[in-house]
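1. dropping the sequence and predicted coords here.
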Amino acid sequence: MKARISDEQKKAALEKLNGSIQETERVRNVAGNSREILDDLDRQFSEITKLDKTDFSFLFFATALQTLRWVISPRIGESFNPEDRLAENDKSIKDDIKNKNKDYQKKHKDWNSGKSKEGYKDWQNIVFSKPPFDTVSGSAQFGLNLSGLNHRYKTLGHDPMLGWIFGTINIMTDTATMNTLRTFDIEKGRFIKETTIGHAINDFICSAKEDWHRIPAAVFAEGIHLKSDEFTKIGLPVPLVSVFSEKLAEALCKDHYDKLCLVKDLRTVGRQAAFSIIINMIISAVHGLFYDPEKYPDPKLYEVKTRKILLYSNAMASSSNLISVAVKSYAGDVTAWQKLDIGGLAVTLYRIVTDVDFICKIKEEFITNGFDELISGKELQRKDG
């Protein structure tokens, strides 16, 4: 016998069926109007994260600080005055080298300095002899035409970076290696014959096998020589430049722009970037104090506004710097480029990459979550509640 369905059960089943039909219809409508819904969510995101009066105050203040920073920032690319440097043969330089060499000798007096079977210099001769890459006599016969002015950017032993490798090899083997890797044997302060860098390296290894103390002695001699040339009227060349462009290295040398100038500029650029970052951190921290959790349930939405302030302020300050440099250069100011805010530009580029990526991710998350809530009906539940 079949069980009879009561009127209440029929009514409940009918209501459930109607609810399912309505829910299906609602989901169908949401899906059918997805383009309009997504556009509306996009507008909502823009409305929530747009800058208000308070935000614009932060934007203008941050831009003013960033602009003031590059205006008062020290110039880059400035050359030195040779008259403020020591002469190449200054007695104080020679005395300092002599004293340091003697101290090194005393410190390592227990090292064996026996005569080499192959005729290589012992460690004491390495320390006290003149670096071979300082030699210019006899270079003309090989088409080098080295002089007191150009030998520093033409020889790798004087390169502040490569010198630690090639200069050390040259000192141990009495050779001189040019920025083209052409290598020459030096004897009694004169270019004797052309050899190869491979042959010099082989002699370096053979000499080190006889007495490994020769390596630290040669490194010491290289360091002492680089240090002694650093504050002279010619100075040390900008690292690596002569390897890629001897003409540029020559131009820098004639303009009295050397390694010390580069170091100063790198510090300036580093300070530019550091102060730009500090300003951004201060603006971000203070702007965060105005966060209202009732207005912005998700802190990330408020952070979008903060990121916009930092992004726009950095971009405007960097743009003003580029425009200023361009206008002055066009007007004939050949030194205008020295006010280029390289550190600030680097920070701005970083912000463009990171802030735009962050804003896009939060926007995508906002739209996706909003659409999912419409599909699941959570938005309606909140409104009904």
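-> In hand now; what should we look at? Numbers count the residues shown, from 1 in each chain.

2. need the three-state assignment for the closest residue to residue 337 other than its chain neighbours.
-> The spatially closest residue to residue 337, leaving aside those adjacent along the chain, is residue 325, at 5.9 Å (Cβ to Cβ, 6 or more residues apart in numbering). Where you see a C-beta, it was placed from the backbone N, CA and C, and this is true even at glycine. With DSSP: H, G, I helix; E, B strand; the rest coil as the basis, residue 325 sits in helix.

3. so who does the nearest residue to residue 288 once chain neighbours are set aside touch?
-> Spatial nearest neighbour of residue 288, chain neighbours left out: residue 306 (6.7 Å); criterion: Cβ to Cβ, 6+ apart. The contact partners of residue 306, taken as Cβ atoms under 8 Å, 6 or more residues apart in numbering, are 283, 284, 287, 288.

4. turn those residues into TSV, including pLDDT, neighbour count and secondary structure.
-> Listed next are the contacts of residue 306 as TSV, based on pLDDT from 0 to 100; neighbours: other Cβ atoms under 10 Å; DSSP: H, G, I helix; E, B strand; the rest coil:
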residue	pLDDT	neighbour count	secondary structure
283	97	21	helix
284	96	16	helix
287	96	22	helix
288	94	12	helix
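
5. farthest pair within these?
-> 283 and 288 (9.5 Å; Cβ to Cβ).

6. and the helix or strand where residue 366 lies, which residues are buried?
-> For residue 366, the element it lies in under DSSP states H and E is helix 342-376. Across helix 342-376, burial judged by 16 or more other Cβ atoms under 10 Å covers 342-348, 351, 355, 358-359, 362-363, 366-367, 370-371, 374.

7. rewinding a little: quick one: secondary structure of the residue nearest to residue 288?
-> Assignment for residue 306 (three-state DSSP): helix.

8. what's the pLDDT at residue 113?
-> Predicted confidence (pLDDT) at residue 113: the value is 72.

9. dihedrals phi and psi, the closest residue to it other than its chain neighbours?
-> Spatial nearest neighbour of residue 113, chain neighbours left out: residue 122 (4.3 Å); criterion: Cβ to Cβ, 6+ apart. Phi and psi for residue 122, reported as degrees, to the nearest 10, are phi -80, psi 170.

10. just use 28 as the starting number from now, easier for me
-> Understood, numbering begins at 28; the last thing we discussed is residue 149.

11. residues contacting residue 149?
-> 140, 141, 142, 143, 238, 241 are the contacts of residue 149 under Cβ under 8 Å, 6+ apart.

12. tell me the strands in the stretch 128-277 of the chain, going along the chain?
-> 202-204, 210-213, 218-222 (DSSP state E, counting those that start in this stretch).

13. could you check the pLDDT of residue 55?
-> 56.

14. with residue 102 instead?
-> pLDDT, residue 102: 95.

15. and the gap between the residue nearest to residue 315 and residue 360?
-> 37 Å (Cβ to Cβ, to the nearest Å).

16. which residue packs closest to residue 373, ignoring adjacent ones?
-> Nearest one to residue 373, counting by Cβ to Cβ, 6+ apart, is residue 300 at 5.6 Å.

17. I'd say the one you found and residue 375 touch.
-> No - contact criterion Cβ atoms under 8 Å: residue 300 and residue 375 do not qualify, at 10.0 Å.

18. contacting residues for residue 82?
-> The contact partners of residue 82, by Cβ under 8 Å, 6+ apart, come to 314, 332, 335, 336.

19. by neighbour count, which of these wins?
-> residue 336 (25 neighbours; other Cβ atoms under 10 Å).

20. neighbours of residue 165, how many?
-> That count, for residue 165 with other Cβ under 10 Å as the rule, works out to 18.

21. contacting residues for it?
-> 217, 218, 219.
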